[in-house]
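Asker: sequence? don't have it. structure:
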């Protein structure tokens, strides 16, 4: 079974919930899909034993008299290459690495090289957590390529936990599209509620089952709970607003470090999810 | 005209709180929400929409004719967006990047690309001046492109209206929408929490901002959460000659203000609001 932990608004506690769930289970395969700002290693503290680079392909163009790259420029849907007579300008940051310019360009004069855009670290935390974390190289903007390599590693031999990036765009979709159940983490503020509604739209579009964790319960107002009640959405857990949780978090501690009773609560959530998914 | 972007790397560290209070304090400015897939600035600004435009994202491939199951498109698609091309071809709209390779190689012209609406963007009036914002459709791509559109629009309005500042509320992370919110701006404020994860994400966004040749201004939020981490941030900044322009205390009134639709800077009892005012004055004095 694959469980994704997502949230439209950032900083509501996705990683906090993902890590607490993993620690409570003890045995699971963990994937940090928040490749632009991955943090799970800080809280799970796995022994990292393997790094795997993420590469994408970029074209390069061999200049020669009489050879024009106009066909490449005309074809490229991303405007990554401009051609002026026999000269050209290539904008690497616009290139998606589709290989189209090789197909349409002068044969033998468009070639490809690999560029590193990120890295995946793999590790282990006892008793049985297999850890995977993607890390995008700053400035490379190839979030989905790093996520795609992580996706290839998804292994359902044990329960899979995916820590999603914030937001409701394609990088969030990449983290939830394979899940059997999505835990949406939010907080009872107008910001939390506004972003939650969009996340729910995404999950409904994808036909996903989901439940809500309310973090920092007690702040803000009652609008979130009223909304959840009106729509019949399931509240899996409420985590209180407690400065000590924030302080534990600031040091890299988890919810289980803050209160060992949390383990029971997360195992109960897991039971509920299993029942709902039907496994 | 100057442009100021507020970003953070890690989400939920206070970007929108800072941005909305700056907007409250600023005069003769345009506000922009560049967090297009989780926009929140509208909540406090309460915009009256003057104009709505459709955002047409990049095109994606679809089957328009009779497929002869040759498999050529699937073989060449680098994004795994095509499957079962030898029997009953399927396109994965989430994976397709709209490169057009499949359309090009199809021997019977059965594939075409089509662009569709992927969101909306708005020009609005607010009590605090003009506001340009957007809503990316749930799950859509091209957030960077939408950010660029929204920013260009804001620049147009600012030129015509003689506004001297654009305040941009950025997205979390270091991806395409964040980069689109940094391009060509004059000031970048990075707001950071003294947590281990906050510091880790801060260092990544710091690198990105430096790459753009911008000297970021640092704001530490919830400064009293962890003294050791706070000192680490101060050390990092001073060794890189980067200026910390303010430190906002942990203040339970922040979510309370938000729930009551009020600004921290208008709340006499808010210690955070007081510091945000100081930060704003420091930024204004930079010229």
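Answerer: Nice, thanks for sending it over. Keep in mind the model is a prediction, meaning the values are calculated, not measured.
Asker: Quick check: buried residues in whichever strand or helix holds residue B:124?
Answerer: Assigned by DSSP states H and E, residue B:124 belongs to strand B:117-126. Using 16 or more other C-beta atoms under 10 Å in any protein chain shown as the test for burial, strand B:117-126 gives B:118, B:119, B:120, B:121, B:122, B:123, B:124, B:126. C-beta coordinates here come from the backbone N, C-alpha and C atoms, glycine included.
Asker: And stretch B:143-155, by the same measure?
Answerer: For stretch B:143-155, using 16+ other C-beta under 10 Å, the buried residues are B:143, B:144, B:145, B:146, B:147, B:148, B:149, B:150, B:151, B:153, B:154, B:155.
Asker: Partner strands of the strand holding residue B:124 and their direction?
Answerer: strand B:48-56 (antiparallel), strand B:129-136 (antiparallel) (DSSP bridges).
Asker: any idea which helix or strand comes after the last one?
Answerer: Once the chain leaves strand B:129-136, the next helix or strand it forms, by DSSP H and E, is helix B:143-161.
Asker: hmm, that next one in reach of chain A?
Answerer: Yes. Shown here: helix B:143-161 in contact with chain A (C-beta under 8 Å from any C-beta of the partner chain) through B:143, B:144.
Asker: Identify the residues contacting that helix?
Answerer: By C-beta atoms under 8 Å, 6 or more residues apart in numbering or on different chains, the residues outside helix B:143-161 that reach it are A:141, A:167, A:169-170, B:1, B:3, B:30, B:32-34, B:36-37, B:55, B:57-58, B:118-119, B:121, B:123, B:130, B:132-134, B:136, B:163-166, B:168, B:171, B:175-177, B:179-181, B:183.
Asker: Same question for stretch A:216-231.
Answerer: Contacts for stretch A:216-231 (C-beta under 8 Å, 6+ apart): A:12-13, A:186-190, A:192-193, A:196-197, A:212, A:214, A:235, A:238-241, B:252, B:255-256, B:258-259.
Asker: so of the residues you listed, which ones are in helices?
Answerer: Judged by DSSP state H, helices contain the following of the contacts of stretch A:216-231: A:190, A:192, A:193, A:196, A:197, B:255, B:256, B:258, B:259.
Asker: returning to that earlier point: ok now the strand holding residue B:124, how far from the chain's centre?
Answerer: 15 Å (C-alpha atoms, centre = their mean, to the nearest Å).
Asker: do stretch B:253-272 as well
Answerer: That offset, for stretch B:253-272, works out to 23 Å (C-alpha atoms, centre = their mean).
Asker: Quick one: mean pLDDT for it?
Answerer: Mean per-residue pLDDT for stretch B:253-272: 95.
Asker: And stretch A:138-146, by the same measure?
Answerer: 89.
Asker: same question, stretch B:31-40
Answerer: So the average pLDDT for stretch B:31-40 ends up being 95.
Asker: Quickly check: it near chain A or not.
Answerer: Yes. Applying C-beta under 8 Å from any C-beta, one finds stretch B:31-40 in contact with chain A at B:35, B:36, B:37, B:38, B:39, B:40.
Asker: repeat for stretch B:205-217
Answerer: Yes. Shown here: stretch B:205-217 in contact with chain A (C-beta under 8 Å from any C-beta) through B:205, B:207, B:208, B:211.
Asker: quick one: secondary structure of the first one?
Answerer: Three-state secondary structure (criterion: DSSP: H, G, I helix; E, B strand; the rest coil) places residue B:205 in helix.
Asker: got the contact list for the nearest residue to it once chain neighbours are set aside?
Answerer: Nearest non-adjacent residue to residue B:205, counting by C-beta to C-beta, 6 or more residues apart in numbering or on different chains: residue B:9, 3.6 Å away. Residue B:9 sits next to A:37, B:172-174, B:190, B:192, B:198, B:201-206 when contact means C-beta under 8 Å, 6+ apart.
Asker: 6 Å - rerun?
Answerer: A:37, B:201, B:202, B:204, B:205 (C-beta atoms under 6 Å, 6 or more residues apart in numbering or on different chains).
Asker: Report the separation between it and residue A:32.
Answerer: From residue B:9 across to residue A:32, the span is 15 Å (C-beta to C-beta, to the nearest Å).
Asker: now residue B:219, which residues is it bridged with?
Answerer: As for beta bridges, residue B:219 partners with residue B:191, residue B:246 under DSSP bridges.
Asker: domain assignment for chain B?
Answerer: For chain B, the structural domains run B:2-56+B:119-285, B:60-114, going by automatic domain parsing.
Asker: Deepest-packed of these, please.
Answerer: Sort the domains of chain B by mean neighbour count, taking mean count of other C-beta atoms under 10 Å in any protein chain shown, and domain B:2-56+B:119-285 sits at the top with a mean of 21.
Asker: these two touch, right, residue B:71 and residue B:85?
Answerer: Yes. Contact criterion C-beta atoms under 6 Å: residue B:71 and residue B:85 qualify, at 4.6 Å.
Asker: which residues touch the spatially most central residue of chain A?
Answerer: Centroid-nearest residue in chain A, with C-alpha atoms, centre = their mean: residue A:33, separated by 2.8 Å. Residue A:33 is in contact with A:147, A:162, A:164, A:175, counting by C-beta under 6 Å, 6+ apart.
Asker: Can you say which of these are buried?
Answerer: A:147, A:162, A:164, A:175.
Asker: Make TSV out of the residues you listed and add distance to residue A:219.
Answerer: As requested, the buried ones among the contacts of residue A:33 are exported to TSV (distance: C-beta to C-beta, whole Å):
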residue	distance to residue A:219
A:147	32
A:162	27
A:164	23
A:175	26
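Asker: The residues you listed: which ones sit near chain B?
Answerer: Applying C-beta under 6 Å from any C-beta of the partner chain, the subset of those adjacent to chain B is empty.
Asker: now those as CSV including secondary structure?
Answerer: As requested, the buried ones among the contacts of residue A:33 are exported to CSV (three-state DSSP):
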residue, secondary structure
A:147, helix
A:162, strand
A:164, coil
A:175, helix
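Asker: And the strands in the stretch 51-200 of chain A?
Answerer: A:81-84, A:87-90, A:110-125, A:128-136, A:160-163, A:181-186 (DSSP state E, counting those that start in this stretch).
Asker: Same check on chain B?
Answerer: B:2-7, B:29-33, B:48-56, B:60-63, B:82-83, B:90-91, B:111-114, B:117-126, B:129-136, B:165-169, B:187-192, B:217-221, B:243-248 (DSSP state E).
Asker: Where does the prediction get shaky in chain A?
Answerer: A:279 (pLDDT under 70).
Asker: Spell out which residues of it are next to chain B.
Answerer: Contact residues (C-beta under 6 Å from any C-beta) of chain A with chain B: A:8-12, A:36-37, A:39, A:42, A:77, A:96, A:98-100, A:138-139, A:141, A:143, A:166-170, A:173, A:189-191, A:194-195, A:198, A:201-202, A:219-221, A:246, A:249-250, A:252.
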